[in-house]
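*Asks:* What would the 3D arrangement of this be:
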Amino acid sequence: MRLRTALSLAIPLASAALFVRLGLWQVDRHRERSALNAGLEARLAVAPVPLGARASDTTNARWTSVTVRGRFRYDLEQVQGSRANKGSPGVHLLTPLERADNDTLVLVTRGWVYSANAADVDLARWREADSVTLSGYLLPLAPDGPPAPAAGAPIRALHRAAIEARLGRPVAPVQIVMTSDSLARADSVPRRLPPPTLDAGPHRSYALQWFSFAIVAVVGGIALFRRSLAAERA
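*Replies:* Presented below is the predicted three-dimensional model:
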């Protein structure tokens with residue numbers, strides 16, 4: 001009976017200790033995510049820098065604001081289907097940029113345009129200048145993924161292998177999400193994509209849940225221990 005009484009307190013306390021540890025782990029995750037977000041926001045806040053070697057940097061270039069000059073290859077333009085914007089169906093226009101004296105194309109996400117079936121769009125309607133100096137922020141391209149769909153069909157999963165298969169040319173491992181010229185000719189340019197919304201995720205609420213579980217375990221354990229102790233003395 002004494003062992004049972006001791007266990008009635010030891011097990012809840014051990015559970016509470018585990019819950020506290022899990023809560024502290026979520027607090028650490030929250031701090032890490034917040035620090036990462038702060039770094040990404042700082043990159044977006046600085047003035048754009050020349051693309052240069054950042055075109056091959058998939059580790060440190062994420063969200064770096066860059067500027068680059070080149071020629072849009074509208075003849076190689078691709079469409080990423082099923083891209084909604086404020087509830088409206090549409091597509092993203094993926095236009096390769098050709099730089100002088102460089103055979104590697106840089107994929108530029110020029111923005112979103114409406115498409116009733118989220119697949120078909122009049123590409124000529126959304127052409128801009130051929131030679132451009134543009135600015136935007138960098139995102140890494142996944143190296144591979146599902147095979148590219150048949151020629152002419154919209155791309156679903158955006159990754160480097162699919163783009164290179166479509167274009168027949170080497171493609172940089174990062175893409176540029178274009179942000180420049182978003183107001184000029186607003187009725188004839190794709191809707192530029194804003195930077196993704198940053199948040200610290202659900203880690204703080206998860207931590208509060210674990211700490212709540214710990215309190216319940218302690219309070220319940222003490223109540224159970226008192227009941228077992230009273231029964232032992234009876």
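*Asks:* those strands in this protein, which residues are they?
*Replies:* Here the chain has its strands, by DSSP state E, at 49-50, 65-72, 78-80, 90-98, 105-114, 131-140, 171-178.
*Asks:* do you know which of the ones you listed lies nearest L158?
*Replies:* Between L158 and the strands of the chain, the tightest spacing by C-beta to C-beta is seen for strand 78-80, at 5.7 Å. For glycine as for every other residue, the C-beta is placed from the backbone atoms N, C-alpha and C.
*Asks:* counting contacts, what elements does that closest one pack onto?
*Replies:* If you count contacts as 3 or more C-beta pairs under 8 Å, 6 or more residues apart in numbering; DSSP states H and E, strand 78-80 packs onto strand 90-98, helix 160-167.
*Asks:* one more time with 10 Å
*Replies:* Here strand 78-80 touches strand 90-98, strand 105-114, helix 160-167, going by 3 or more C-beta pairs under 10 Å, 6 or more residues apart in numbering; DSSP states H and E.
*Asks:* what sits against the spatially closest residue to I222 that is not a sequence neighbour?
*Replies:* Nearest non-adjacent residue to I222, counting by C-beta to C-beta, 6 or more residues apart in numbering: L9, 7.1 Å away. Shown in contact with L9 (C-beta atoms under 10 Å, 6 or more residues apart in numbering): V218, G221, I222, L224, F225, R226, S228, L229.
*Asks:* same check, this time on A116
*Replies:* So, once contact is read as C-beta under 10 Å, 6+ apart, A116 ends up touching S88, P89, G90.
*Asks:* still on that earlier bit, dump the strands of the chain to a markdown table, plus mean pLDDT, distance to P149 and mean neighbour count.
*Replies:* Supplementary listing: those in a markdown table, determined by pLDDT from 0 to 100; distance: least, C-beta to C-beta, whole Å; neighbours: other C-beta atoms under 10 Å:
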| stretch | mean pLDDT | distance to P149 | mean neighbour count |
| --- | --- | --- | --- |
| strand 49-50 | 90 | 35 | 12 |
| strand 65-72 | 94 | 23 | 18 |
| strand 78-80 | 94 | 11 | 20 |
| strand 90-98 | 96 | 14 | 23 |
| strand 105-114 | 95 | 17 | 21 |
| strand 131-140 | 92 | 22 | 18 |
| strand 171-178 | 95 | 17 | 22 |
